[in-house]
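*Asks:* here is my input, please return the structure:
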Amino acid sequence: MRLPVLALLLTMVPSACLAATIEVRPGPGALVQAISAARPGDELALQEGLFAGPVVIEKPLTLTGALARIEGPGEGSVITVTAPDVTITGVTIAGAGARLDTLDSGIRLMKGADNAQVEGVSLDGNLIGIDVHGAKNVSLRGNHIIGRNDLRVPERGPGIYVWNSPGLTVEDNRISKGRDGVFITTSDKAVYRRNTFTDLRFAFHSMYANRIEVTDNVSRNNDMGFAFMYSTRLKVERNLSDGDTNHGFFMNFANRADLVQNEVRNGGEKCLFIYNSNNNDFDANRFQGCAIGVHFTAGSQGNTLSGNAFVGNRTQVKYVGTRWLEWSDGGRGNYWSDHVAFDVNGDGTADSPYRPNDSIDRLVWSQPMAKLLMGTPAMQLIRWSQSRFPGLLPGGVIDSRPLVSPEGAGVPTEEERS
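*Replies:* Numbers count the residues shown, from 1 in each chain. Okay, the predicted model is just below:
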């Protein structure tokens, strides 16, 4: 009786328990053959050398090899994954095609490639580094992605392209060159943290992406830092835009977002641009060194700004409108480096309100040639009159409780974190 029972138990052992580690040496068609012969759950350990792509992974596998390079023929995608529970680690991937209409990528994670993990991979010179296209609960961690800058900007692809892939985690990646570092379209519920973006058009670009977290990322020397468009319920915390030439943070039809302790340093045109974006909370951010600290327009309403620091911007606020907007919340306003005021009682709040714009500002924005008159006695008289009689001021931004110190605003230092 023991033998039939033992045979029955053996048939019940999951196939994953029989998984093996298989060493794969370079050679013509070696990787394609190894994938075809592997059983679900096997680990293919690629040895040092060059392996030819493209390949398609249609079963759960692990692909490793710190000294292995997988190179495509310059057409299509190099690795396409359609099965769940696939892991790719350590390898270098190059040789994707240059067609955006077919999303030529180093790695494509298609619908059904759920729970895929891509970790410690180098993607070198592909049009798109990783395309997450319908796969759920994917993890992209610690990868180094270098795109292509030999093409015109509209012809380049993003480092990571995301479509309809909820549960995604993108963390600790380094992305440079190409068009956007991360480009998201129509994909919710994801976490993007501790990534570094350089030499790109947009570092981070979301379109129709709801309930995402964007935290502790660094955008350095890109055209634009962090762009949020047609997206809602965003958590955006402790991100740094350093030396980005156009915008640090760009909000276009972005609603119900919390932007906390982010920072723009050595900014370019605009530190913060808010366009038709509503019910957002901007708290303890630092905007420094831009031509315009914040440009606020297109009927945005329901936003609160408090505890932020606007430091050394040529124009702190650009707002062309007739409504009065109060930029303090709960008795706490913002720090303005050009606000000359006293704090007699020492409560940390200035004794006079801050009004960044007057009728002269509005005139210059609508009629740029009026800048030629800025030094005339008439202009100086108008400004003096408005400073003495606030009732003459047009509608605009007012901070009734401005702060006298920028302390606590911006990305915290390591000491502040500990």
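*Asks:* how far away is Leu123 from Gly181?
*Replies:* Distance of Leu123 to Gly181, given as C-beta to C-beta, to the nearest Å: 13 Å. Every C-beta, even on glycine, is put in place using the N, C-alpha and C of the backbone.
*Asks:* which neighbours do those two share?
*Replies:* Gly159 (C-beta atoms under 8 Å, 6 or more residues apart in numbering).
*Asks:* the more surrounded of the two?
*Replies:* Counting neighbours by other C-beta atoms under 10 Å for Leu123 and for Gly181 shows that Gly181 has the greater number, 34 against 27.
*Asks:* now that one, nearest residue through space, not along the chain?
*Replies:* Once flanking residues are discounted, Gly181 sits nearest to Phe197: 3.8 Å by C-beta to C-beta, 6 or more residues apart in numbering.
*Asks:* so that neighbour sits in a strand?
*Replies:* Yes - the assignment for Phe197 by DSSP: H, G, I helix; E, B strand; the rest coil puts it in a strand.
*Asks:* pLDDT at it, what is it?
*Replies:* For Phe197, the pLDDT comes out at 98.
*Asks:* got it, and Val397?
*Replies:* For Val397, pLDDT reads 82.
*Asks:* my read is that it contacts Val317, right?
*Replies:* Yes - counting by C-beta atoms under 8 Å, Val397 touches Val317, with 5.2 Å between them.
*Asks:* centroid-nearest residue for this protein?
*Replies:* With distances taken as C-alpha atoms, centre = their mean, Phe204 lies nearest the centre of the chain, 2.9 Å away.
*Asks:* so which strand or helix has that residue?
*Replies:* Using DSSP states H and E, Phe204 maps to strand 202-207.
*Asks:* I'd like the next helix or strand past that strand.
*Replies:* Counting by DSSP H and E, what follows strand 202-207 is strand 212-215.
*Asks:* what are the pairing partners of that following strand, and which direction each?
*Replies:* Taking DSSP bridges as the criterion, strand 212-215 sits next to strand 190-193 (parallel), strand 232-237 (parallel) in its sheet.
*Asks:* now tabulate the ones you listed in TSV and tack on mean pLDDT and mean neighbour count.
*Replies:* Formatted as TSV, the strands paired with strand 212-215 follow (pLDDT from 0 to 100; neighbours: other C-beta atoms under 10 Å):
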stretch	mean pLDDT	mean neighbour count
strand 190-193	98	21
strand 232-237	97	20
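*Asks:* need those strands in a markdown table with distance to Asn266, can you?
*Replies:* Formatted as a markdown table, the strands paired with strand 212-215 follow (distance: least, C-beta to C-beta, whole Å):
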| stretch | distance to Asn266 |
| --- | --- |
| strand 190-193 | 23 |
| strand 232-237 | 20 |
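*Asks:* what's the closest of the ones you listed to Asp172?
*Replies:* Smallest distance to Asp172 across the strands paired with strand 212-215 (C-beta to C-beta): 7.9 Å, for strand 190-193.
*Asks:* so where is the stretch 301-418 of the chain shaky, pLDDT-wise?
*Replies:* 320-322, 357-375, 378-395, 415-418 (pLDDT under 70).
*Asks:* now with 80?
*Replies:* 320-324, 340, 343, 356-396, 414-418 (pLDDT under 80).
*Asks:* so which residues of it form helices?
*Replies:* 359-366, 377-388, 414-417 (DSSP state H, counting those that start in this stretch).
*Asks:* ok, now which ones touch the residue lying closest to Asp338 once chain neighbours are set aside?
*Replies:* Setting aside the residues directly before and after it, Asp338 is nearest to Gln316 in space (C-beta to C-beta, 6+ apart), at 6.3 Å. By C-beta under 8 Å, 6+ apart, the contact set of Gln316 is Ile292, Gly293, Val294, Phe310, Trp336, Ser337, Asp338, Pro356.
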